[in-house]
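*Asks:* After the sequence you'll find the predicted model.
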Amino acid sequence: MVDKKFHVKIGVIGAGHLGRHHIKHLSSHSSVNFVGFFDINEKTSKKISEEFSVKSFKNVEELINCSDGLHIVTPTPLHYGIAIECLKKNKDIFIEKPIASTIKEAEEIVNLSKKNKNIVQIGHIERFNPTINQLKTIIKNPHFIEIERLAPFQSRGAEVPVVLDLMVHDIDLVLSMVDSNIKQIQASGAKMMGTKVDVAHARIEFSSGVVANLKSSRIAQNYVRKIRTYEKAREFVHKQNLKSNREWIKFTKSGKPNRCIYFRY
Ligand SMILES: NC(=O)c1ccc[n+]([C@@H]2O[C@H](COP(=O)([O-])OP(=O)(O)OC[C@H]3O[C@@H](n4cnc5c(N)ncnc54)[C@H](O)[C@@H]3O)[C@@H](O)[C@H]2O)c1
């Protein structure tokens with residue numbers, strides 16, 4: 001049996017929809033000494049603590065003091081305050097995406113982490129999506145990219161605009177696909193359910209001439225995840241149907257399909 005007392009001590013702050021997964025995986029990871037978690041909701045804390053047989057801390061300070069690194073998985077408006085509290089105590093942090101609610105907050109987190117020489121990592125999980133990685137091995141030189149990310153409404157995540165909730169994944173992907181500076185951005189959106197934008201379209205033009213059109217909505221009828229990239233004499237369509245958990249990439253040449261690849265994960 002491995003003695004975990006020499007392993008890195010990790011704690012999780014926030015045990016909701018996504019925090020539960022962090023706790024599940026960290027608490028069973030062979031290289032991690034999982035110290036426990038803190039959630040402000042007592043009912044959630046009790047449930048998660050029992051489900052994974054892990055320690056639920058009574059206050060966040062105690063958890064921070066006991067950990068080398070922390071995963072921050074609270075609603076986005078709280079990321080900044082908790083991240084600064086952790087960094088001030090010289091802890092490394094993993095923050096779920098988006099890093100913070102505003103650019104100013106994000107910059108303060110990055111600046112303090114640099115000053116204190118702490119690691120800050122953001123949960124841009126789409127970078128590890130097997131289909132996206134497969135797609136990146138196929139795409140050579142796209143000159144036009146279209147991405148749609150649509151979802152039915154749920155109140156979870158609606159405390160920030162859909163750009164920070166959903167489109168942030170696609171902005172990150174586009175920046176990883178295009179090796180050029182951004183020349184200009186045009187964007188528009190609409191608030192439908194509350195005070196934050198729920199549907200947004202953005203057109204990002206790069207100095208190299210590449211254009212990316214992004215569409216995000218959290219008030220759609222169905223889940224849609226779609227990436228279409230255009231390059232000379234080729235069109236690749238990537239579509240993720242969340243319900244059947246099936247993915248496909250279709251190649252077309254001169255408008256006719258000439259190859260299909262199906263992915264399942
Ligand atoms: N990487 C991804 O693909 C992805 C997917 C979903 C959510 N997220 C991000 O994860 C974060 C959490 O989202 P979620 O869907 O799990 O939300 P959620 O509402 O399900 O969970 C948030 C949890 O934080 C707890 N909480 C609230 N205030 C707290 C505090 N002060 N201290 C400790 N706990 C507190 C709540 O009780 C709740 O259990 C958000 O920033 C969201 O953008 C990322």
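*Replies:* Yep, it's here. Numbering: from 1, shown residues only.
*Asks:* So for this protein, the centremost residue is which one?
*Replies:* His124 (3.5 Å; Cα atoms, centre = their mean).
*Asks:* Could you measure from it over to Gln184?
*Replies:* Distance, His124 to Gln184, by Cβ to Cβ, to the nearest Å: 24 Å. Heads up, the C-betas are built off the backbone N, CA and C, glycines and all.
*Asks:* before we move on, the earlier item: determine the number of other residues adjacent to the residue nearest to the residue nearest to the centre of the chain when sequence neighbours are not counted.
*Replies:* If the residues on either side of it in the chain are set aside, His124 comes closest to Asp172, at 4.9 Å by Cβ to Cβ, 6 or more residues apart in numbering. Neighbours of Asp172 under the rule other Cβ atoms under 10 Å: 17.
*Asks:* ditto for Asn41
*Replies:* 12.
*Asks:* tell me the mean pLDDT for stretch 36-50?
*Replies:* Mean pLDDT, computed over stretch 36-50, is 98.
*Asks:* hang on, the earlier thing: now do the contacts for the residue nearest to the centre of the chain.
*Replies:* Lys97, Val168, His169, Asp172 (Cβ atoms under 8 Å, 6 or more residues apart in numbering).
*Asks:* any idea how far the third one is from Asn41?
*Replies:* Going back to what we said before, that points to His169. 26 Å.
*Asks:* Isn't Leu70 up against Leu87?
*Replies:* No: contact criterion Cβ atoms under 8 Å: Leu70 and Leu87 do not qualify, at 9.9 Å.
*Asks:* what about these two, which has more around it?
*Replies:* Neighbour count, other Cβ under 10 Å: between Leu70 and Leu87, Leu70 has more, with 29 against 22.
*Asks:* what helices or strands is the host helix or strand of Leu70 leaning on?
*Replies:* Per DSSP states H and E, Leu70 falls inside strand 69-72. Secondary-structure packing of strand 69-72 (3 or more Cβ pairs under 8 Å, 6 or more residues apart in numbering; DSSP states H and E): strand 8-13, helix 19-27, helix 79-88, strand 92-96.
*Asks:* Three-state assignment for whatever residue of the stretch 151-265 of the chain ends up closest to the ligand, please.
*Replies:* Scanning the stretch 151-265 of the chain for the residue nearest the ligand gives Arg156, at 4.8 Å (criterion: Cβ to the nearest ligand atom). Classification of Arg156 using DSSP: H, G, I helix; E, B strand; the rest coil returns coil.
*Asks:* That one touches His17, doesn't it?
*Replies:* Yes: Arg156 is within contact range of His17, at 6.2 Å (criterion: Cβ under 8 Å).
*Asks:* And the strands in the chain?
*Replies:* Applying DSSP state E to the chain gives strands spanning 8-13, 32-38, 69-72, 92-96, 120-123, 144-150, 182-190, 199-206, 211-217, 224-231, 234-241, 246-253, 256-264.
*Asks:* the inter-axis angle of the fourth one versus helix 19-27?
*Replies:* By that I understand strand 92-96. In terms of direction (axes from the mean of the first three to the mean of the last three Cα atoms, to 10 degrees), strand 92-96 departs from helix 19-27 by 140 degrees.
*Asks:* What lies in contact with strand 92-96?
*Replies:* Contacts for strand 92-96 (Cβ under 8 Å, 6+ apart): 14, 18, 68-73, 76, 79, 83, 86-87, 109, 113, 118-123.
*Asks:* Is that strand positioned near the ligand?
*Replies:* Yes: judged by Cβ under 6 Å from any ligand atom, strand 92-96 comes into contact with the ligand through Glu96.
*Asks:* Cool, thanks, signing off.
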